[in-house]
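Peer 1: Below: sequence and its predicted model.
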Amino acid sequence: MKAKGIFGCIFILASGILFTVERYLSVLIWSVLTTPMLTSGNGGYSALPDMDALKLNFFVILFLLLGVFLLLIEIYETYKRNSH
């Protein structure tokens, strides 16, 4: 695998890690905010944390599309190189 394919895999992994960290922080903030309300029995809280959709984070989409684009270029170049 050449550099384009490696960078494509790195960008796809980075988008997945970034998306996972964003989800983890969302659940962590939700649990920190709802724990005092649950223990005291006062107030209302949402049953589930607010998690943004995949399309709302610009960097996750950018890294994912860039990684897929680089992998497709690598596949095309490998096919072109081996077909002759």
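Peer 2: Received the coordinates, thanks.
Peer 1: Can you classify the nearest residue to V27 once chain neighbours are set aside by secondary structure?
Peer 2: Leaving aside its sequence neighbours, V27 sits nearest to P49 (Cβ to Cβ, 6 or more residues apart in numbering; 5.1 Å). Every C-beta, even on glycine, is put in place using the N, C-alpha and C of the backbone. Of the three states, P49 takes coil under DSSP: H, G, I helix; E, B strand; the rest coil.
Peer 1: Same check on the one 3 residues further on?
Peer 2: Taking three-state DSSP as the rule, one finds D52 in the coil state.
Peer 1: Look up how far F58 lies from I29.
Peer 2: Distance of I29 to F58, computed by Cβ to Cβ, to the nearest Å: 20 Å.
Peer 1: who's more crowded, these two?
Peer 2: I29 (12 against 8; other Cβ atoms under 10 Å).
Peer 1: Report the contact partners of the more buried one.
Peer 2: Contacts for I29 were tallied using Cβ atoms under 8 Å, 6 or more residues apart in numbering; they are P49.
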